[in-house]
Structure formats: C-alpha cells, structure tokens
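J.: Pasting the sequence and the predicted model now:
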Amino acid sequence: MNALEEILQREDFQALEVSTVAQTIEYEPYARTRDFYHAVGFSDVRIDKGWFQSRDDRLLLRKRLSTTGQ
C-alpha cells in the first residue's frame with residue numbers, strides 16, 4: 001500500500017478508492033478485508049445496494065492522498 005500511495009502522490013492523485021462487499025453481508029473474509037482497509041486509513045464513502053452481479057451490496061472506501069485542492 002505504501003509503495004502504491006507514493007507512486008500515486010508523485011503523479012498528483014488526491015485519493016485512492018477501493019470497494020468490497022458491504023457489512024450488510026455477514027461473511028468473515030469480507031470483514032477482514034474491510035478491517036484491513038480501515039487499518040491503512042480508508043474511510044467508508046457509501047454503500048451501493050445490489051451493486052454486484054450476486055446482488056450483494058458494495059462498500060466504497062476512500063483514502064485521501066493529498067490535501068491539495070480540498
């Protein structure tokens with residue numbers, strides 16, 4: 001994550017977004033995924049209901065990389 005963030009910051013990206021299955025789905029591997037993203041500084045942005053082909057809800061997370069332009 002650190003290497004990716006350094007590259008993106010050098011390229012003037014201001015944020016990094018990821019998505020995973022939302023907490024509305026009780027499944028341990030996804031809970032660990034969300035825990036990881038939160039531990040490295042991502043914040044929840046929104047839940048998109050029925051986003052995935054399986055109709056599971058998607059959690060969109062974002063991590064700010066730069067304060068420029070905010």
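T.: All right, it came through fine.
J.: Grab the nearest non-local neighbour of residue 5.
T.: Excluding its sequence neighbours, the residue lying closest to residue 5 (C-beta to C-beta, 6 or more residues apart in numbering) is residue 65, at 5.9 Å. C-betas here are computed from N, CA, C, even on glycine.
J.: Would you mind measuring from residue 2 to residue 40?
T.: For residue 2, the distance to residue 40 equals 9 Å [C-beta to C-beta, to the nearest Å].
J.: In terms of neighbours, single out the busier of the two.
T.: More crowded of residue 2 and residue 40, by other C-beta atoms under 10 Å: residue 40, with 13 against 7.
J.: Now do the closest residue in space to the more buried one that isn't next to it in sequence: how many residues are near it, please.
T.: Excluding the flanking residues, the one nearest residue 40 by C-beta to C-beta, 6+ apart is residue 1, at 5.2 Å. Neighbourhood size, residue 1 [other C-beta under 10 Å]: 13.
J.: Residue 1 and residue 42 touch, don't they?
T.: No - assessed by C-beta atoms under 8 Å, residue 1 is found out of contact with residue 42, at 9.6 Å.
J.: rewinding a little: the residue nearest to residue 40 and residue 7, how far apart?
T.: Separation of residue 1 from residue 7 (C-beta to C-beta) stands at 11 Å.
J.: What segments of the protein are helices?
T.: 2-10, 28-39 (DSSP state H).
J.: Pull the distance from the first one to the chain's centre.
T.: Looking back up the chat, that one is helix 2-10. From the chain centre to the centre of helix 2-10 is a distance of 16 Å (C-alpha atoms, centre = their mean, to the nearest Å).
J.: cool, stretch 52-60 as well?
T.: With C-alpha atoms, centre = their mean as the basis, the mean position of stretch 52-60 lies at 13 Å from the chain mean.
J.: give the contact list for the closest residue to residue 13 other than its chain neighbours.
T.: Leaving aside its sequence neighbours, residue 13 sits nearest to residue 65 (C-beta to C-beta, 6+ apart; 5.6 Å). By C-beta atoms under 8 Å, 6 or more residues apart in numbering, the contact set of residue 65 is 5, 8-9, 13-16.
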